[in-house]
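>>> can you look at this prediction? I've put the sequence above it.
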Protein chains: 2
Amino acid sequence: MNKRDPRVQLLLTGNEIMSGDTVDSNSAMIAQRLAEVGLTVYRKVTVGDDTSLLQAELLDMTSNADIVIINGGLGPTIDDLTAAVLAAAAGVPLAEHPQAVAHLQAWCGRRNLPLDAANRKQALLPAGADIIANPIGSAVGFELGIGQCRVLCTPGVPGELAAMLDGIVADLANTLASPTRRRILRLQTFGLGESSAQQMISDTIPDWPDEVELGFRAGAPQMEIKLTIADAAAIPLQQQCRARLEALFGDHIIGEGNTQLAERVLELLRERGHTLTVAESCTGGLIASMLTRIPGSSDGFHAGFVTYANHIKTAVLGVSETTLANHGAVSEEVVLEMATGALARASADYAIAVSGIAGPEGGTEDKPVGTVWLAWGSAGALRTSCLCWPVERSLFQTMIAAAGLDMIRRTLLGVASEPRYFSQRRVR
Amino acid sequence: MNKRDPRVQLLLTGNEIMSGDTVDSNSAMIAQRLAEVGLTVYRKVTVGDDTSLLQAELLDMTSNADIVIINGGLGPTIDDLTAAVLAAAAGVPLAEHPQAVAHLQAWCGRRNLPLDAANRKQALLPAGADIIANPIGSAVGFELGIGQCRVLCTPGVPGELAAMLDGIVADLANTLASPTRRRILRLQTFGLGESSAQQMISDTIPDWPDEVELGFRAGAPQMEIKLTIADAAAIPLQQQCRARLEALFGDHIIGEGNTQLAERVLELLRERGHTLTVAESCTGGLIASMLTRIPGSSDGFHAGFVTYANHIKTAVLGVSETTLANHGAVSEEVVLEMATGALARASADYAIAVSGIAGPEGGTEDKPVGTVWLAWGSAGALRTSCLCWPVERSLFQTMIAAAGLDMIRRTLLGVASEPRYFSQRRVR
């Protein structure tokens, strides 16, 4: 039995990636999914939609790698070249694949679209290729062997690629010579920075075991901490490390896997049979949108109010004109009245209210861009805080919306201590 | 004078890029900056921090390209290999570069840090290399010729790369044989698919000129059409093509450059001194969020209502319980009452109201997942349509939010004809 791990290379195609119009996140997705089963991508090459360049790279790759994954170029347009390039490299003709035609017919049928020539081009595959099902899009994936190398062709649309990777990863895992697989435990956090988390770990856990690889993925709003082991024997060590991280970061850990803040909040609400409402000024509907993106959100979320203008805060939420005149829209008094108004109007158990200065304009010396008042909690038990988070407008909205959800998460869990970002960002 | 454009390749190094923990946006930045002066990156290769892989790629690249830009591997740690790899490829030793040492001393001095051995490693460069100044970070960039090829080494930290690229781009522009530069015209569209747009163009404009490169970037919700010319002499042709696309796609074109639908709607509202309100059920705050992401949105957008539950539609917007009972929440009658209620409560000139089934649950035989009723317009002049857009939940929300904004854009512009997606998606 060949114990050598298969050598995997990626070939990415697309003028929009070469020109920088699109940032390629597909190759990161592929690498991460393959890593789950212990496969490492050791080289990737990107070229534009150019037949001779693609051809040369593919021939070179198939003579050096065991598995080549091509991403992109499956679409219906003339610059989608993957099928033709693979057919030429394999020395086979292009032929209409019946399964691909059936897929296209069903896909167009569901949309009441005619199957036109451009779409039909997506069924023209290298003779002998096997179909890789595309549960979402019109273009099927396909696989063909060249010499000892398996070539898998995948779509450039990220959602379609993601859906297709489930099957590909399971299939490749089955054929692996060495059955050990990397086990990745992901912890989602909010309110920790990558460098400070790293520093805290090296200060507090100097004896971190070599068997547990530690990784970070800083995103907005969440940061992922990744614990990877290469061998099942290290599972107890992985769990030990997890426990030590939980002791260290405590309630900054939202959950496992891909858990999103909004998802966790909805889950906690559902367990308690409670509902949440939101009164948003500077986040402008983003908190509501984060909640309603989650399937089944209607259990815990019934109503949101986007009160962007002052007179709307009064007309819709009953914020007093005197309060607005005396304290300004970005004030503790106003977010308290917004929260109270929203709780009453939505008959909800919990509320988040937000009013701040998202920028780039609108800041003053007293309240610079990035200043925001938050109120959260239940009727009679509302709490407030004023933070300053001076970053670009849409990042500000994302972080503040997440902070609001995080405070409700903490309230529902009964966490008494304040999050780290409060001590770093608090103004008053 | 050599009229051939220099052939540029990128070599990216970094284990975190290969593993997918970091998404590479540096190569997009480099490609976009080089495109400004007419340089095209035609190939890029990414490998991990591995001496022999880097060595092999670099030797191959220097014999095929005129310019190679290496990104990453300049830092102080043992896995930063770029200087050593370049020295070996050029057949020169590593030597401490006095200018790099001076830069490091100044950099550490400003931070009250000692210049330790790890940092000092960053001054160890291939003998004969020229320094590329790093205005921000500790690691200088450097350049060395191998044969006829110029190799430029740049840092992986995006901010440092950005700062260094100003100098690099200006320098490369000076040495370019042909001073012509590519001119890119971008048109943003909504409601066109890539394949149908391609089909319409090849059916209608068979004599499309070779000088104007046609590109598409299908995003959600918008699709970009890109017209690129390599020579200023082709500007009239580019404008002709634009005019023909405008005749062909008409009011499906939202604007130029990066214009977003919400931005265009806010611009049209501002010109007229009018305001828009939204009453959202299945889009759950996304329309409000798309609007308020745009700086200055408070001019045209004052209030939004997320009425996710039926009793909230009644309590907050005044939708009659009888209407809800007789027609259901996803009905023409309900979206009309939602829009009317929102218009009155926000004292707005225009409204969008949306009620539909985002899925994955909640569909019925009569109203399957993807069914949505839209109402839009002004008081006394509301219009409605029922579409079916059966895609994944968050994509559904994105497309329907955009469709609502698009109908307001069309209303504000006085467009009488219906968009193409109505005829394809309309249920009733």
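Structure's in. What do you need?

>>> and after the strand or helix carrying residue A:316, which helix or strand comes next?
Using DSSP states H and E, residue A:316 sits within helix A:310-317. The first helix or strand that comes after helix A:310-317 along the chain, using DSSP H and E, is helix A:321-327.

>>> remind me what the following helix or strand past that next one packs against, helices and strands.
For helix A:321-327, the following helix or strand on the C-terminal side (DSSP H and E) is helix A:332-346. For helix A:332-346, the elements it packs on are strand A:276-280, strand A:301-307, helix A:310-317, helix A:321-327, strand A:350-356, strand A:371-378, strand A:381-388, helix B:310-317, judged by 3 or more Cβ pairs under 8 Å, 6 or more residues apart in numbering or on different chains; DSSP states H and E. Where C-beta positions appear, they are placed from N, C-alpha and C, glycine not excepted.

>>> what score does the residue lying closest to residue A:359 once chain neighbours are set aside have for pLDDT?
Excluding its sequence neighbours, the residue lying closest to residue A:359 (Cβ to Cβ, 6 or more residues apart in numbering or on different chains) is residue A:369, at 3.6 Å. Looking at residue A:369, its pLDDT reads 93.

>>> mind listing what residue A:58 touches?
Applying Cβ atoms under 8 Å, 6 or more residues apart in numbering or on different chains, one finds that residue A:58 lies in contact with A:11, A:68, A:70, A:85, A:86, A:89, A:146, A:151.

>>> domain parsing of chain A, as residue ranges.
In the assignment given by automatic domain parsing, the structural domains of chain A cover A:8-175, A:183-256, A:261-425.

>>> that older thread, now the helix holding residue A:316 against helix B:310-317, angle please.
Counting by axes from the mean of the first three to the mean of the last three Cα atoms, to 10 degrees, helix A:310-317 points 130 degrees away from the direction of helix B:310-317.

>>> what about residue A:214, which SS state?
When classified by DSSP: H, G, I helix; E, B strand; the rest coil, residue A:214 comes out as strand.

>>> now do the contacts for it.
A:201, A:208, A:225, A:226, A:227, A:241.

>>> burial count for the third one?
When you say that, I think you mean residue A:225. Counted with other Cβ atoms under 10 Å in any protein chain shown, the neighbours of residue A:225 add up to 24.

>>> measure residue A:422 to residue A:199 for me?
19 Å (Cβ to Cβ, to the nearest Å).

>>> which of the two has more neighbours?
Neighbours were counted for residue A:422 and for residue A:199 using other Cβ under 10 Å; residue A:422 has more, 15 against 11.

>>> check what pLDDT that one gets.
On the pLDDT scale, residue A:422 is placed at 89.

>>> so it touches residue A:388, yeah?
No. The criterion here is Cβ atoms under 8 Å, and residue A:422 misses it with residue A:388 at 11.4 Å.

>>> between the contacts of residue A:214, which is nearest residue A:319?
residue A:225 (40.3 Å; Cβ to Cβ).

>>> so the closest one makes contact with residue A:194?
No. Under the criterion of Cβ under 8 Å, residue A:225 is not in contact with residue A:194, lying 9.4 Å apart.

>>> and residue A:322, what pLDDT?
98.

>>> tell me, how many residues neighbour it?
Burial of residue A:322 is recorded as 9 neighbouring residues (other Cβ under 10 Å).

>>> so what's the residue nearest to residue A:359 up against?
By Cβ under 8 Å, 6+ apart, the residues touching residue A:369 are A:357, A:358, A:359, A:360, A:361, A:362, A:363, A:390.

>>> roughly how far does the second one sit from chain B?
Distance from residue A:358 to chain B, counting by Cβ to the nearest Cβ, to the nearest Å: 8 Å.

>>> return the residues of the stretch 51-200 of chain A in contact with chain B.
For the stretch 51-200 of chain A, the contact set with chain B under Cβ under 8 Å from any Cβ of the partner chain comprises A:53, A:75-79, A:110-113, A:116-119, A:136, A:157, A:159.

>>> make a markdown table out of the contacts of residue A:58 and add neighbour count, secondary structure and pLDDT.
As requested, the contacts of residue A:58 are exported to a markdown table (neighbours: other Cβ atoms under 10 Å in any protein chain shown; DSSP: H, G, I helix; E, B strand; the rest coil; pLDDT from 0 to 100):
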| residue | neighbour count | secondary structure | pLDDT |
| --- | --- | --- | --- |
| A:11 | 27 | strand | 97 |
| A:68 | 25 | strand | 97 |
| A:70 | 26 | strand | 97 |
| A:85 | 26 | helix | 96 |
| A:86 | 27 | helix | 97 |
| A:89 | 21 | helix | 95 |
| A:146 | 19 | strand | 96 |
| A:151 | 25 | strand | 97 |
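
>>> chain B: which of those residues is nearest?
Nearest to chain B out of these is residue A:11 (Cβ to the nearest Cβ; 10.6 Å).

>>> list the buried ones in stretch A:222-242?
By neighbour count on 16 or more other Cβ atoms under 10 Å in any protein chain shown, the buried set for stretch A:222-242 is A:222-229, A:234, A:237-238, A:241-242.

>>> got it, and stretch A:352-363?
Residues of stretch A:352-363 classed as buried by neighbour count (16+ other Cβ under 10 Å): A:352, A:353, A:354, A:355, A:356, A:357, A:358, A:359, A:362.

>>> please name the bridge partners of the fourth one.
Translated: residue A:355. For residue A:355, the beta-bridge partners under DSSP bridges are residue A:373.

>>> check contacts around residue A:19.
Residues near residue A:19 by Cβ under 8 Å, 6+ apart: A:48, B:31, B:32, B:35, B:40.

>>> rerun at 7 Å
B:31, B:35 (Cβ atoms under 7 Å, 6 or more residues apart in numbering or on different chains).

>>> kindly report the same for residue A:87.
Shown in contact with residue A:87 (Cβ under 7 Å, 6+ apart): A:93, A:94, A:126.

>>> before we move on, what about residue A:62?
Applying Cβ under 7 Å, 6+ apart, one finds that residue A:62 lies in contact with A:68, A:89, A:146, A:147, A:149, A:151.

>>> in the worst-scoring helix or strand of chain A on mean pLDDT, what's buried?
One helix or strand of chain A scores below all others by mean pLDDT, DSSP states H and E: strand A:213-218, with a mean of 81. Under the neighbour-count criterion of 16+ other Cβ under 10 Å, strand A:213-218 has A:213, A:214, A:216, A:217 buried.

>>> hang on, the earlier thing: and the helix holding residue A:316 with strand A:350-356, angle?
Per the same axes, to 10 degrees, the angle that helix A:310-317 makes with strand A:350-356 is 170 degrees.
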